[in-house]
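> Build the 3D model from these lines:
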Amino acid sequence: MNFVCQQCKQPLQLDASLVDLAPSAYDIVASSLPPPNPASHGWKASGSEKLAQLPSPSTAKAAWRNSVQGSTSSAISSTAAQRKQPQRGPVHPNESFVLLQDSVIRTIPSNLPTTSPSHPKKPSFSKSRSATGAVPPAPAPEEPPHPNPSPLSHHLRSSLRLFNLLSSRTDLDHPLCAECTHILLGTLTRQLEETKKERDGYIAFEKEVRKEKEREASAGANKSEAEAKIERLKDEERLAIEQLRAAERERQQLEEELKGLEREEKALEDEEAEFWRQHNAHLLKSAEQASQLAALRAAYAADSAVLDKLEKTNVYNDAFCIGHDGVFGTINGLRLGRVPGVPVEWAEINAAWGQTLLLLYTIARKLDFTFENYRLVPMGSFSRIEKTTGDKATYELYGSGDLHFGRLLHNRRFDFAMVAFLDCLKQLMDYVKSQDPQVDFPHQIVKDKIGEASVKQQFSQEEAWTRALRHVLLALKILLKWTTNGSNG
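So this is what the prediction gives:
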C-alpha cells in the first residue's frame, strides 16, 4: 500500500520504526497526544484534563490536583486496571505484549481511541493549515479482522491505526512528509511562544488582581464604609454634574463671545486691508513725488553749477585780454608800440589801438559815463575820435610808416587822437576815483603824458612812446577789473 502526504500529496516512504510498531509503542504515542476535541467527538473532559488545558503555572495545577486527589483516587485505580487490559481487536499470534508499571499507567489517558466497528469515524477531508474549528477527518474504515492475518496486513493496519489516532488528536491529517512536518513544527513553535506570552499576561493580571484584593482586605473595607463611599461618590457626581452644567453655560457664553470676536476680527481684517491699500497708494505717490523732487534737485544743482560758473565767468576779460610781450603791452595778443630792433607792423598797431578804443568805449557804456568834448567811434583798425565842441574836428587813431608830406600831416592828426584818448581815459579814471577812493592807479595823466612818458609819436623816442602805451593798457585793465568785480560789477 502506498502512502501520500496529506498536505502536499507527494508519495511517502514510511520509516522502519513505523513499519514494525509494537502495541506498547502505540500506547506510548497515544498517551503523549492531547485529548480529542469534546465538541467534535462527544467526549467530556475530566477535571485533570481541563486543568492541563488552562494557561496557568505548574504550581497552580499541582495545588488543584492535590485538592481533588482524594476524590479521584478510586477513578484512577479503576482506569489503571482498565489500561492494564486495553480493549483491542482480536489478538493475533504475531502481536507482542508488554506489562506496564503503575507509574507508566498513570501518565496514559483513560480514554483511548478504539477501532471497534461500533464507533466508526467520519470520512477524512483535507483541511488548510489556517482553518480552525473544522471537523477533524476520520480515517478510512478499517478492514475487518481476519482470523489469520498476514504480517503485511498487520503492519499496514497498525500504521493506519497510528495515522488515524494522530489525525483524530490533531488539526491535520496524517501522514505528513518531512518538509510539511518541519513547517508544522515551526508553526506550532510560534503558537507555543504566543501562548506562553498570553499565559504570562494572564499570570501578571492574576497577580495584580490578588494584590488588589489583598489591599482591599488590609484596608478593612466593610459594607458601611462602602455605602458611605457610594454616597460620597454620588455627592461628588452631583457636584461634578453641576460643575459640568456651569461649564456648558460658560462654554456657550464663550462661544457667543468667540463669534463676536470673529466678527470683530473680520471687520478689523477688512479695515486693515483697506489701510494697506491706502498705504501702498500713498507709498507709490510718495515715491513718485520723491523721484520728481530728486529730479528737480538734480536740475537745481546742475543749474546752480552753471550759474556759479557763469557768475565767475568775466566776459570782458575774455573779450579784452590785456597782457605784455616783453616791453610791449598787448591787447588780445596785439602788440601796441614800437622799439628799435623789433619791427612791429602798423597794421598790428592800428588793430591794437582799435581794441583799446573799443575797451574804453565799453567801460564808459557799462558805467553809463559820457565823455566831455569827445565822442569815441570804435571802427577796428580805422577807429577815430570826434570832437564835440569847438571846430568839431575828427582825429584818426591809426598811423602809417610812409615818409611823405601828406603822411606827416596824418601822423600829426594821429598824435592828436592819442592825446584825446588820454584825455578821455583821465576823465573815466577821475570818475572811478570819485566812486571808489580806494582804487589806485599807479600812473597819473598830465596833458599828453602818463607816468612821465608822452603818448605822442612825433619828436619822441620809440621806447618812451611804447612805455606810455603800456601804462595806458595798465590803467584800462584796472578800470575793467573795477567795473566787472567792484560795486558796479
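> Okay, domains of the chain per the record?
Domain assignment for the chain by automatic domain parsing gives 3-125+133-176, 180-220, 228-313, 315-485.
> Of those, which stretch is the most buried?
domain 315-485 (a mean of 17; mean count of other Cβ atoms under 10 Å). Where you see a C-beta, it was placed from the backbone N, CA and C, and this is true even at glycine.
> distance between the ends of it?
End-to-end distance for domain 315-485: 12 Å, by Cα to Cα, to the nearest Å.
> follow-up on the earlier one: could you export the domains of the chain as JSON lines, including mean pLDDT?
Shown next, in JSON lines, are the domains of the chain (pLDDT from 0 to 100):
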{"stretch": "domain 3-125+133-176", "mean pLDDT": "53"}
{"stretch": "domain 180-220", "mean pLDDT": "88"}
{"stretch": "domain 228-313", "mean pLDDT": "94"}
{"stretch": "domain 315-485", "mean pLDDT": "87"}
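> which one's the longest helix in this structure?
helix 223-312 (DSSP state H).
> which residues are in contact with the very next helix or strand once past that helix?
The element immediately downstream of helix 223-312 (helix or strand, assigned by DSSP states H and E) is helix 315-319. Applying Cβ atoms under 8 Å, 6 or more residues apart in numbering, the contact partners of helix 315-319 are 362, 480, 483, 484.
> between these, which is nearest residue 194?
residue 484 (119.6 Å; Cβ to Cβ).
> How about the contacts made by residue 432?
367, 439, 479, 482.
> tell me the SS of it?
Assigned with DSSP: H, G, I helix; E, B strand; the rest coil, residue 432 falls in the helix class.
> ok, it to residue 176 distance?
145 Å (Cβ to Cβ, to the nearest Å).
> Kindly report the same for residue 234.
Counting by Cβ to Cβ, the separation of residue 234 from residue 176 is 64 Å.
> and what of residue 311?
123 Å.
> same deal with residue 457?
158 Å.
> can you pull out the helices in the stretch 101-250 of the chain?
Ranges of helices within the stretch 101-250 of the chain are 102-106, 151-169, 178-219, 223-312, based on DSSP state H, counting those that start in this stretch.
> And for the stretch 351-489 of the chain?
Going by DSSP H, counting those that start in this stretch, the stretch 351-489 of the chain shows helices at 405-435, 462-485.
> Tell me who's in contact with the closest residue to residue 337 other than its chain neighbours.
In space, and not counting its chain neighbours, residue 337 is closest to residue 466: 3.0 Å by Cβ to Cβ, 6 or more residues apart in numbering. Neighbour list for residue 466: 327, 328, 329, 336, 337, 338, 339 [criterion: Cβ under 8 Å, 6+ apart].
> Where does the third one sit: helix, strand or coil?
In this case it means residue 329. Residue 329 ends up strand, using three-state DSSP.
> Would you confirm that it contacts residue 474?
Yes - counting by Cβ atoms under 8 Å, residue 329 does reach residue 474; the two are 7.3 Å apart.
> Are there residues contacting both of those two? Which ones?
residue 322.
> returning to what we had before: residue 7 is nearest to which of the helices of the stretch 101-250 of the chain?
Of the helices of the stretch 101-250 of the chain, nearest to residue 7 by Cβ to Cβ is helix 178-219, at 4.4 Å.
> which residues does residue 451 contact?
Residue 451 neighbours (Cβ under 8 Å, 6+ apart): 442, 443, 444, 467, 468, 471.
> what about 6 Å?
443, 471 (Cβ atoms under 6 Å, 6 or more residues apart in numbering).
> So that it lines up with my notes, have the first residue be 29 from now on.
Okay, residue one is now 29; in that scheme the one you just asked about reads as residue 479.
> May I see the helices of the stretch 379-517 of the chain organised as a markdown table, with distance to residue 400 added?
Formatted as a markdown table, the helices of the stretch 379-517 of the chain follow (distance: least, Cβ to Cβ, whole Å):
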| stretch | distance to residue 400 |
| --- | --- |
| helix 433-463 | 6 |
| helix 490-513 | 17 |
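> which one of these lies closest to residue 280?
helix 490-513 (93.9 Å).
> how big is the angle separating the closest one from helix 433-463?
For helix 490-513 against helix 433-463, the angle by axes from the mean of the first three to the mean of the last three Cα atoms, to 10 degrees is 40 degrees.
> any idea how far residue 326 is from residue 281?
65 Å.
> Also residue 234?
In terms of Cβ to Cβ, residue 234 sits 96 Å off from residue 326.
> do the same with residue 296
43 Å.
> which residues does the spatially closest residue to residue 448 that is not a sequence neighbour contact?
Distance criterion Cβ to Cβ, 6+ apart; nearest residue to residue 448, sequence neighbours excluded, is residue 413 at 4.6 Å. Applying Cβ under 6 Å, 6+ apart to residue 413 gives the contacts 402, 404, 423, 445, 448.
> Tell me the bridge partners for residue 413.
Residue 413 has the following beta-bridge partners by DSSP bridges: residue 404, residue 423.
> Nearest residue to residue 498 in space, please, no chain neighbours.
Residue 498 sits nearest to residue 357 (Cβ to Cβ, 6+ apart), 3.7 Å away.
> Tell me the spacing between the one you found and residue 383.
Per Cβ to Cβ, residue 357 is found 11 Å from residue 383.
> Residue 411 now?
Counting by Cβ to Cβ - residue 411 and residue 383 are separated by 9 Å.
> about what we covered before: any chance of the contacts of helix 343-347 in CSV, with distance to residue 269 too?
Shown next, in CSV, are these (distance: Cβ to Cβ, whole Å):
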residue, distance to residue 269
390, 117
508, 115
511, 113
512, 109
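> any idea which of those residues is closest to residue 227?
Nearest to residue 227 among the contacts of helix 343-347, with distances taken as Cβ to Cβ, is residue 512, at 124.6 Å.
> any idea how far the closest one is from residue 348?
Where residue 348 is concerned, residue 512 sits at a distance of 10 Å (Cβ to Cβ).
> And the helices of the stretch 379-517 of the chain: which comes nearest residue 59?
Among these, helix 490-513 sits nearest to residue 59 (Cβ to Cβ), with 143.6 Å.
> Need the CA coordinates for stretch 288-306. CSV is fine.
This file holds the C-alpha atoms of stretch 288-306, laid out as CSV (Å, rounded to 0.1, in the frame of the first residue of the first chain):
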residue,chain,number,x,y,z
GLY,A,288,-18.5,88.3,18.3
LEU,A,289,-14.7,88.4,18.3
GLU,A,290,-14.6,86.6,15.0
ARG,A,291,-17.0,89.2,13.5
GLU,A,292,-14.8,92.0,15.0
GLU,A,293,-11.7,90.3,13.7
LYS,A,294,-13.2,90.1,10.2
ALA,A,295,-14.1,93.8,10.3
LEU,A,296,-10.6,94.6,11.5
GLU,A,297,-9.1,92.5,8.7
ASP,A,298,-11.2,94.4,6.2
GLU,A,299,-10.1,97.7,7.7
GLU,A,300,-6.5,96.5,7.7
ALA,A,301,-6.8,95.5,4.1
GLU,A,302,-8.2,98.9,3.2
PHE,A,303,-5.5,100.6,5.3
TRP,A,304,-2.8,98.7,3.5
ARG,A,305,-4.3,99.6,0.1
GLN,A,306,-4.3,103.3,1.0
